[in-house]
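Visitor: got a predicted structure plus its sequence, pasted below:
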2 protein chains.
Amino acid sequence: MRPEPRISVTQTKVSEKLNLFLSTPQPHPLDQLSVDEVNKTRNVILRSHPGVSIAFRTISLEEPRKSALVLFLQAEHKGELSRTKRPPRRARVLFEAIARDRSVELRESVVDVVAGEENSHEVIDKKHHAPLNAEEIAMFPDVALASPLFKKALAELSLPPNTVIVIDPWMYGGWENPDENSPRYMQGLVYARDPKTNNPDSNHYAFPLPLIPVMDVVKREIVRVDQLATGGRDDGFEYGTGPKEALAHCKPCEYIPELIPGGLRQDLKPLNVVQPYGPSFTVTGNSLVEWQKWRFRVGFNPREGATIHDLWYDGRSVLYRLSFSEMSVPYGDPRAPFHRKQAFDFGDGGAGRASNNLELGCDCLGLIKYFDGVMNDIHGKGVVSRNVVCMHEQDDGILWKHTNYRTGRAVVTRNRKLIIQFIITLANYEYIFAYHFDQAGGITIETRATGVVSTVPIDPGKTSSWGNVVSPGVLAQNHQHLFCVRIDPAIDGYKNTIIQEESHPLPYSPEINPYGNGYEVKQTILKTSGFADAAPQSGRVFKIVNQKVRNPISGRPVGYKLAPSPTQLVLAHPESIMAKRMAYASHHLWVTKYHDNEFWAAGQFTNQSSAEYGGVKDMADRKENIENEDVVLWHSFGLTHNPRVEDFPVMPVETHQIQLKPADFFTKNPAIDVPSAKNQTSILYKKGGLVSGFVAEVPQTHESDRRKAMLHVEETGVEVLIQQTQQQGIKACCM
Amino acid sequence: MRPEPRISVTQTKVSEKLNLFLSTPQPHPLDQLSVDEVNKTRNVILRSHPGVSIAFRTISLEEPRKSALVLFLQAEHKGELSRTKRPPRRARVLFEAIARDRSVELRESVVDVVAGEENSHEVIDKKHHAPLNAEEIAMFPDVALASPLFKKALAELSLPPNTVIVIDPWMYGGWENPDENSPRYMQGLVYARDPKTNNPDSNHYAFPLPLIPVMDVVKREIVRVDQLATGGRDDGFEYGTGPKEALAHCKPCEYIPELIPGGLRQDLKPLNVVQPYGPSFTVTGNSLVEWQKWRFRVGFNPREGATIHDLWYDGRSVLYRLSFSEMSVPYGDPRAPFHRKQAFDFGDGGAGRASNNLELGCDCLGLIKYFDGVMNDIHGKGVVSRNVVCMHEQDDGILWKHTNYRTGRAVVTRNRKLIIQFIITLANYEYIFAYHFDQAGGITIETRATGVVSTVPIDPGKTSSWGNVVSPGVLAQNHQHLFCVRIDPAIDGYKNTIIQEESHPLPYSPEINPYGNGYEVKQTILKTSGFADAAPQSGRVFKIVNQKVRNPISGRPVGYKLAPSPTQLVLAHPESIMAKRMAYASHHLWVTKYHDNEFWAAGQFTNQSSAEYGGVKDMADRKENIENEDVVLWHSFGLTHNPRVEDFPVMPVETHQIQLKPADFFTKNPAIDVPSAKNQTSILYKKGGLVSGFVAEVPQTHESDRRKAMLHVEETGVEVLIQQTQQQGIKACCM
């Protein structure tokens, strides 16, 4: 455990005075650091570490200790902020101190941003490596292409002259016995560009080459070029001759519109989401969101991307913090060097750092609020990354409906959701992460995998046990995506209890279950930190309850429930380095006692790790009491991805959702007050009128709308848009 | 097995001539019967069954035998219909023949509609009972309220005078030893109406009474009134005194807007789906739908509701037929008479018959095509039930995305879906069933459970092991919803093979798996009809392949894959009547060899059954060869529903999806040609302008739209709607 940073009493008092007297609004303790704050922090570090060159890795908000933040949040919710002490505003900084002799030390400091002082610093153990940064990723191809070793290997492939080589830089994967002498390595997957188009956006993953150069990052030197086995099902681990002539053997398989043979489909008509009265949400300050009785803050940091904080519904606390903690992608091809194809996309790179800058009209429909992210460059300067998180409302079909068959009266409401989304690109792959909130108190945590599957070469005409041929000469290897979501609950308070609940048949006996239909619900309180697994065959769910607060209707403790996804867990052997590095993925659910700064399922430092250093397994192994305590849940789930041909050149989203639902948290369906408003712009399909002359049928009661629409047709030729002219209000849906 | 109906050669020839010479278009063989055809069928039955009174249960299309229909469909797809023999147009009729002595015989006939002749008829075994019909459901409360037995039982409850009693008629559930003397029974759950409002749409489920009257349907007589146990956790099966004064003890819990205390939430702004160029689908004739390379027919029948037939994608066959086959809801409260609370919502009632008449603007957004259903009344007259099925397009976020991080070029497409949906009401419960088709060849089969949980009384202040108290004095009992979806595949032809596929670690050994990361994919061909279960821990999926057609890229047989939902199976004891009636729910997947007229997972006749008569277990038990054969898959899945307080008074949808995805069916991502069109109507959130004065930010390139919008604001005060004025086309999303 990292020692708690020292905070001097004097400093805190200064901050306190500032709180009371500053006229400009201060950032909320959960707001990201501003560019100014990043720059101030940088200066503190430069001042505090003389005599060395500093290469900044990460400068980001050090979230306040929970004990302090909770006091602040409680005051905030009571409207008593002016009388409350603000937690110190701090930054966590990971950086390299480079001495005159070029020796490098990885250091981590915590800086009080307001006081302009370093609170603490430590030198990171040499066995750990910082995550990759943009400079290293940019450097790799240049170093490789200049390397005599790599040039020699390339020359043996008898590629045509002037072939453009494209390299996907990768983390090096697991390292057998890390020590202070472990070099910092990277590896690269090598491809050729299709010379026929020579388009920099053509899909090079269709032209894989049988080489993996390995770079010593500090020396900026290719130290080895691994030759890839390119054989098929019956070739074992033989390295074969390999498909040396990738450009003869492989064929283009493109995804950019102008290169797709036959062009794009032409018969998809626009579908627009229009919100004429604006959104139903409000955003206050930099991070506070209110929508449909929900209230929470959106955070963002370079490692996790978007995070959710201090989540309340209708004046009651639900979660303290919600985040995606880690994701690892291990490959299942046993042929060396593929055992080193294992990416930790949060720990090795950073999901926030890899976040796409989203563009209006591309990634969401309707009315969009974007949040920017503040990051830093290698010089420690604050950099704004625009539109890294988007927020919008979405309709998801029916929320609830009932028809009284006696009277024919139907009441139906629609399932409006608020979606906070970010998208990351990691060389070939894309992931779309989202938090959904609904009006019935439900929370959905969604992941979508898309992008290009990682490919390697395979000899002409062969097939493989380790993957699928998705294009001629192109093997997409079998792999897994193993996610971990971190859920820090606060169900009506910060001390909660986890109950494992299952449904089981009762014994078939005259006394207990005379007709054999009976079943019982069994509950087990989790008392000590540890793990549990999904068991859908037993209807297993986990309830997060507050034992001190009873639901006045049911008499049960108020709670939320999580049905963990019973997906396949890690397939690598438990004794393999690959598996040891992601012990978090060996069980579906971990429950730990909260400690400050424990955010990372696979530990803080994953790059080139050989095990989880301070990961969730270590936290659970403390065997702490977790009954009626400040607990944290970690849900690991995954996708065993044995690629289909359909996953190439870009795979359709593979979507996965997990849900947190209130379970006796409310005294009735909390969405029962959602208006059953009749949508005024829905129109009837009319046969035959599809493009020109398309005529909408509108209800007779909206004759003025109809006239307006017809007028519009006359004016514009083809367009019909029934506009909502009524004031927003309730027109119930009845049958 | 029912004998194949006899068809005379002469009749067929007549039909054939008609085909060739009729000038008016004939119905497609999969079109529902028209009202005229129902009426003609009725007359054939009346003529063919003299000397008895006829009460019609069901008149619906007898789908052609597959051998005949396949020939027709093949000719249709080749455009050679004019030279092809039409399968006979037939109706299946279930009816009661009532003799002078009031004895009733259940009969079933098949009628050639064109020839006007009965092809076959059989008398149904007396142990079987027809499904409930509307007349019986309507009759029950009248018979009960007039019954001295029931009146006496009610009087003992000391309800205030003039209390309005509301009864939910139910099927009687399982019957111990059915024989020719088994009476036809129904039971009723009894409630009081809240006298304070006396509103016929108030929620009577909040005022349950401890009585279940049992009616002999033929005699129209209450034969027994069961007293309900109303005790709590420690009261065992004791019947107790029960909460006699429901109206004093219970409290209202309402869902109709005008009765909700505090009214409705006022801050939900409209979200409209606008399709200015019309839909992307076309509908031809009564049933043919074409959308985004999909082509299929929508069927509808009184039992299954909407069905999907002859599903093709881009000129290739995928499925022959897709349907919801059965759904049973068994209750887990072991106290008699609750062991008889078990509904078969398809077999006992009929999902089609229970379908809601959907209303524009209530159940879907955007541009809607409705399909009507043709059913019949007790006199055999054809009746049109309007808008029982809806079809519309929906946006479901991102379909695929990739950013080339080198150039910054991003290509992103949206996941447009086509949704065919129907909604059924079964007294208290609602179910929403939907088929989703996407542009990547995927099929999603969705169920949503909503409506009101079934309630019974519980003594004041008590809690129960058998359910949850969801309102004062109201117990919502634990139960399951066990669905079965029937999938009749036709992957590039009608002979398919099912492969069970799993992912397993390789042994950790230097020869096989030197680094421990390797895993293998194991395939097992299912050779004989039978069952299989979900096994997510092994990554188990089932591939439906055509062994005769190889994917030219991967060399593997073309196929689709199904990952069955690993939900909890039936909890009732296997020897209980409840479980025997739904053997289909004892395994997740059944694979049978196709036989005509085998549509029903729990058998044709479920009402008052004591076992599955000719259900899927019986079909599987034939142990037929299913390799490279005409196979049918049946996927059973469920929801163990231990109610939350939040499920009352109307529960938020509990949504479940299963997916069929192409697996080496295509030679690349079939959605790679979906345009990455930039949506022109998305707008930016602007702080502060939420209701009045809300100003949209639009891209500068759309300055004319902006002016239009601003003009609109001036005219109407508050409304801003950015209209799409560009012709539909591709404006790629690039970053």
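Guide: Done, it's in.

Visitor: which residues of the stretch 151-300 of chain A lie near chain B?
Guide: Counting by Cβ under 8 Å from any Cβ of the partner chain, the stretch 151-300 of chain A comes close to chain B at A:166, A:200-201, A:253-257, A:260, A:262-265, A:267-280, A:282-283, A:292-293. Glycine gets a C-beta too; all of them are placed from N, C-alpha and C.

Visitor: show me which of the residues you listed are buried.
Guide: Neighbour counting by 16 or more other Cβ atoms under 10 Å in any protein chain shown classes A:166, A:201, A:253-257, A:260, A:264-265, A:268-280, A:282-283, A:292-293 among these as buried.

Visitor: ranges for the strands of the stretch 501-650 of chain A?
Guide: Using DSSP state E, counting those that start in this stretch, the strands found in the stretch 501-650 of chain A span residues A:519-525, A:530-532, A:541-550, A:557-562, A:589-593, A:631-641.

Visitor: same list (the ones you listed) but as CSV, adding mean pLDDT, distance to residue B:231 and mean neighbour count.
Guide: What follows is the strands of the stretch 501-650 of chain A, written out as CSV (pLDDT from 0 to 100; distance: least, Cβ to Cβ, whole Å; neighbours: other Cβ atoms under 10 Å in any protein chain shown):
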stretch, mean pLDDT, distance to residue B:231, mean neighbour count
strand A:519-525, 98, 16, 16
strand A:530-532, 98, 33, 19
strand A:541-550, 98, 21, 20
strand A:557-562, 98, 23, 24
strand A:589-593, 98, 35, 24
strand A:631-641, 98, 35, 24
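
Visitor: nearest to residue A:32, of those?
Guide: Smallest distance to residue A:32 across those (Cβ to Cβ): 22.2 Å, for strand A:631-641.

Visitor: which other helices and strands contact the closest one?
Guide: In terms of contacts (3 or more Cβ pairs under 8 Å, 6 or more residues apart in numbering or on different chains; DSSP states H and E), strand A:631-641 is packed against strand A:479-489, strand A:497-505, strand A:541-550, strand A:589-593, strand A:651-662.

Visitor: partners of the shortest one in the sheet?
Guide: Spelled out, that is strand A:589-593. Using DSSP bridges, strand A:589-593 pairs in its sheet with strand A:530-532 (antiparallel), strand A:631-641 (antiparallel).

Visitor: select, out of the strands of the stretch 501-650 of chain A, the one closest to residue B:374.
Guide: Closest of the strands of the stretch 501-650 of chain A to residue B:374 is strand A:519-525, at 40.9 Å (criterion: Cβ to Cβ).

Visitor: do the closest one and chain B meet at all?
Guide: Yes - if you take Cβ under 8 Å from any Cβ as the test, strand A:519-525 does meet chain B, through A:519, A:520, A:521.

Visitor: and if you look at stretch A:411-423?
Guide: Yes - shown here: stretch A:411-423 in contact with chain B (Cβ under 8 Å from any Cβ) through A:411, A:412, A:414, A:415, A:416, A:423.

Visitor: how far is that stretch from where the chain is centred?
Guide: 18 Å (Cα atoms, centre = their mean, to the nearest Å).

Visitor: ditto for stretch A:658-665
Guide: 21 Å.

Visitor: for that stretch, give me every contacting residue.
Guide: Stretch A:658-665 is contacted from outside by A:316, A:318-319, A:440-445, A:485, A:487, A:491-492, A:543, A:551, A:553-554, A:556-565, A:635, A:637, A:670, B:468, B:644-646, using Cβ atoms under 8 Å, 6 or more residues apart in numbering or on different chains.

Visitor: got a pLDDT number for the closest residue to residue A:316 other than its chain neighbours?
Guide: Of all residues not flanking residue A:316 in the chain, residue A:492 sits nearest, at 5.9 Å (Cβ to Cβ, 6 or more residues apart in numbering or on different chains). For residue A:492, the pLDDT comes out at 98.

Visitor: same check on residue A:84?
Guide: In this prediction, residue A:84 carries a pLDDT score of 86.

Visitor: and it, how far from chain B?
Guide: Separation of residue A:84 from chain B (Cβ to the nearest Cβ, to the nearest Å) stands at 26 Å.

Visitor: residue A:232 too?
Guide: Distance, residue A:232 to chain B, using Cβ to the nearest Cβ: 10 Å.

Visitor: where does that residue sit: helix, strand or coil?
Guide: Per DSSP: H, G, I helix; E, B strand; the rest coil, the local secondary structure of residue A:232 is coil.

Visitor: next: the one 4 residues further on.
Guide: Using three-state DSSP as the criterion, the local structure at residue A:236 reads coil.

Visitor: what are the ranges of the helices in the stretch 1-150 of chain A?
Guide: Assigned by DSSP state H, counting those that start in this stretch, the helices in the stretch 1-150 of chain A fall at A:9-21, A:35-48, A:66-78, A:134-146, A:148-155.

Visitor: what is the last one packed up against?
Guide: With contacts defined as 3+ Cβ pairs under 8 Å, 6+ apart, the packing partners of helix A:148-155 are strand A:211-216, strand A:221-227.

Visitor: hmm, who's touching the shortest one?
Guide: Same thing as strand A:211-216. By Cβ under 8 Å, 6+ apart, the surrounding residues in contact with strand A:211-216 are A:140, A:143-144, A:147, A:149-150, A:153-154, A:157, A:167, A:172, A:183-190, A:221-228, A:337.

Visitor: that older thread, for residue A:26, find the nearest of the strands of the stretch 501-650 of chain A.
Guide: Of all the strands of the stretch 501-650 of chain A, it is strand A:631-641 that lies closest to residue A:26, at 28.4 Å by Cβ to Cβ.

Visitor: give me the angle between the closest one and strand A:497-505.
Guide: With axes from the mean of the first three to the mean of the last three Cα atoms, to 10 degrees defining the directions, strand A:631-641 sits at 60 degrees from strand A:497-505.

Visitor: hang on, the earlier thing: now the helices and strands packed on strand A:631-641 in JSON lines, with distance to residue B:585?
Guide: Formatted as JSON lines, the helices and strands packed on strand A:631-641 follow (distance: least, Cβ to Cβ, whole Å):
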{"stretch": "strand A:479-489", "distance to residue B:585": "31"}
{"stretch": "strand A:497-505", "distance to residue B:585": "13"}
{"stretch": "strand A:541-550", "distance to residue B:585": "20"}
{"stretch": "strand A:589-593", "distance to residue B:585": "27"}
{"stretch": "strand A:651-662", "distance to residue B:585": "23"}
